[in-house]
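Asker: what's the 3D shape of this:
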Amino acid sequence: MNALPPIRILVADDHHLIRQGIGAIIAQAPDMQVAAEADNGEAALQMYLRHRPDVTLMDLQMPMMGGLDAIAAIRTHVPSARIVVLTTYRGDAQVQRALKAGASGYLLKNMLCAEILDTIRAVHAGGRHWPDEVLGRGCHPPDEALSPRETDVIRLVASGNSNKRVAGQLGLSEETVKGYVSSILSKLGANDRTHAVTIAIKRGIIDT
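Answerer: Got it, this is the predicted structure:
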């Protein structure tokens, strides 16, 4: 009986050492092989369309086109594409964005050695892999997400701006900004503005 063909993998990450490390791990598995590599989102899309890998490992933060946009672009061409997000981010907002973009799995880079091979196999078989460490207590349902305007407000608050200064920068009244802040506190379950900023950073809603 003929052996099953190996699982063909596209590795997309802008750090050569990360790609090299992933390749070394995959090389130890007789049932899979690296079919192609990419160091930015646009190259990932082109490599996917050229090689049609079984599973794609996609970094989120890459030049030219980010990982989430690359996932969405790939799935526009091939809706059944199986993609695993690789990231250093633990924030659940990143999980939600990856889910929305169509990813089938999500791995923190510090979990690669322990879980990458099993994750590739599970996703290739049609499953999904969302680690408990990622989808734990910090993960909130999509309907609790901040609106784009609320995200703008909390980002400016995080920079140390008062409600008055936030209002001036966004072209809003101070009362409107107060309303946004109140909504943000409610959605994030925060006690005050500082707590809200801490939660927003932890969840990946805003960058540090």
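Asker: CA atoms only for the lowest-mean-pLDDT helix or strand in the chain, dumped as CSV, please.
Answerer: Lowest on mean pLDDT, DSSP states H and E among the helices and strands of the chain sits helix 92-101, with a mean of 75. The C-alpha trace of helix 92-101 is given here as CSV (Å, rounded to 0.1, in the frame of the first residue of the first chain):
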residue,chain,number,x,y,z
ASP,A,92,-8.2,37.9,22.6
ALA,A,93,-8.9,40.7,20.2
GLN,A,94,-6.2,39.2,18.0
VAL,A,95,-8.0,35.8,18.3
GLN,A,96,-11.3,37.4,17.2
ARG,A,97,-9.6,39.0,14.2
ALA,A,98,-7.9,35.8,13.2
LEU,A,99,-11.3,33.9,13.5
LYS,A,100,-13.0,36.6,11.4
ALA,A,101,-10.3,36.4,8.8
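Asker: Sort out which residues of that helix are buried, please.
Answerer: Across helix 92-101, burial judged by 16 or more other Cβ atoms under 10 Å covers 92-99, 101. Heads up, the C-betas are built off the backbone N, CA and C, glycines and all.
Asker: could you say what helices and strands the helix or strand just after it packs with?
Answerer: As assigned by DSSP states H and E, the chain's next helix or strand after helix 92-101 is strand 105-108. Using 3 or more Cβ pairs under 8 Å, 6 or more residues apart in numbering; DSSP states H and E, the elements in contact with strand 105-108 are strand 83-87, helix 112-124.
Asker: what mean pLDDT does stretch 56-67 have?
Answerer: In this model, stretch 56-67 has an average pLDDT of 92.
Asker: Quick one: distance of it to the chain centre.
Answerer: Centroid separation for stretch 56-67 versus its chain: 9 Å, with Cα atoms, centre = their mean, to the nearest Å.
Asker: follow-up on the earlier one: how much does the least confident helix or strand of the chain deviate in direction from strand 83-87?
Answerer: Following axes from the mean of the first three to the mean of the last three Cα atoms, to 10 degrees, one obtains 160 degrees for the angle between helix 92-101 and strand 83-87.
Asker: Okay, now the unreliable bits of this structure?
Answerer: 1-3, 89-92, 131-144, 208 (pLDDT under 70).
Asker: Domains in it, by residue range?
Answerer: Domain ranges of the chain: 7-124, 146-202, per automatic domain parsing.
Asker: just the helices in the protein please.
Answerer: Using DSSP state H, the helices found in the chain span residues 16-27, 41-51, 67-77, 92-101, 112-124, 148-158, 163-170, 174-188, 193-202.
Asker: now the longest one against helix 148-158, angle please.
Answerer: Using the same axes, to 10 degrees, the direction of helix 174-188 lies 100 degrees away from that of helix 148-158.
Asker: If anything else comes up later, I'll come back, but that's it for now.
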